[in-house]
Structure formats: structure tokens, C-alpha cells
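Student: Kindly generate the corresponding structure for this input.
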Amino acid sequence: MSVENVDARLVGIICKAHGIKGELIVRLLTDYPKTIYRGSSLFMDEGCTSELHVESIRYSGSGNRKTAIIKFIGTITRTQAESLKGRYLYRKPEDVPPLEKGQYWSDDLEGCMVYSSEGIALGKVIGLENLASNSNIKVKKITSDIDIKGVSGDIFFVPLISDYIKHIDTDEKKIILSRIPEFI
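Tutor: Numbering: from 1, shown residues only. Next comes the predicted model:
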């Protein structure tokens, strides 16, 4: 498999070493943390060439702040664990849980064009904001000529709920709003 064909999914960030036996505290960024278990393969690069195997894992945290304490095979000392601090962890696309119809990966939303229900291009998704109540897409207006009621700057947020989102097509990189949020 060549690096160009890999669509690795970011699953976490190594925060720091934990204890003296080479364990790591990992901030999990995946919506499916329980799919990482003993024996799972994770990678420290998007090309999925630097492989690590999970020896043990314990979950902690709740809400938007999910963490795990992970020990990788071969990481036997605290010093070795500390050298991994700040590294991103990925998994191969074939190891990613399948999505049901109408579901999508949050990173697939980045780069999508956002349109009004009338088909007017409003902006492009530049990020995602996860809140306790729901997630919002962060949209950068494509031009300052577009007047969106309630939007004074170049950035606005749209809640990812059915009240505001009519249709999402990640293949076409297109999001159609059913209405523009009135509180932005």
C-alpha cells in the first residue's frame, strides 16, 4: 500500500507518560474509543508506516474529554514513553468501524462548501467545534460580499442538527442548510 492511497483516521494524541512502566495517557479524538483494544494496531504517522501494537488499555474520562491509558508492546520504560509525548495516533481505514447510512466522519466535513436552501454558496467548512450539547461546523464565508443576517465577521458556526442541516454529501463536499442559524 502506498502512502498516497492511505486515508488514515486520527484517533488520538499522546499527552504524557503515566507511571513507571511505559504507559501513556492518550486523549482520544475518535467517536468510537471502544474499538481500540488489546492487540489493535495504531500508527504514529498518516502514511501508516510507524506501527504500534496495544498491549493494554484502560479508559477514563467522560463527555468530550475521553482519555485512555495505553501501553504499547515494546514501550517498557517511562523514558521511552516520554519520548512519544505530543505524537498523533492514527489507524488504517480498514480498521475503522463502518458507518451507517447518513453518518460521516467529522474530518470529512472539512473543505465542504456550505449552501443555503436556495443554493447560494455561503462558505467553506474550516473546522468542527464539539460542545456538550452538539457539534458545530465552523464556516469561513467565501466572500465578504455575501450578507448573512447576524454574521458580522468572516466566520460563522452552524449546529450539526437537523433544524439547520438539510443534507450532507461528503463525496461531493457539499452541505445544504435548511436555514441559517438566527443567533450567529
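
Student: can you list the domains in the protein?
Tutor: 3-95, 106-177 (automatic domain parsing).

Student: Make JSON lines from those domains and add mean pLDDT and mean neighbour count to it.
Tutor: In short, each C-beta sits where N, CA and C put it, glycine included. Shown next, in JSON lines, are the domains of the chain (pLDDT from 0 to 100; neighbours: other C-beta atoms under 10 Å):
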{"stretch": "domain 3-95", "mean pLDDT": "84", "mean neighbour count": "16"}
{"stretch": "domain 106-177", "mean pLDDT": "83", "mean neighbour count": "15"}
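
Student: residues contacting Ser56?
Tutor: Glu23, Arg38, Ile70, Lys71 (C-beta atoms under 8 Å, 6 or more residues apart in numbering).

Student: any idea which helix or strand carries it?
Tutor: strand 51-62 (DSSP states H and E).

Student: and what of Ile126?
Tutor: Assigned by DSSP H and E, Ile126 belongs to strand 121-130.

Student: where's the strand holding Ser56 relative to the chain centroid, distance-wise?
Tutor: Strand 51-62 sits 18 Å away from the centroid of its parent chain (C-alpha atoms, centre = their mean, to the nearest Å).

Student: Give me the sheet partners of that strand and which way each runs.
Tutor: Applying DSSP bridges, strand 51-62 is found paired with strand 41-43 (antiparallel), strand 65-72 (antiparallel).

Student: residue ranges for the strands of the chain, please.
Tutor: Using DSSP state E, the strands of the chain run over 9-18, 23-28, 41-43, 51-62, 65-72, 88-91, 113-115, 121-130, 135-141, 155-159, 165-169, 174-177.
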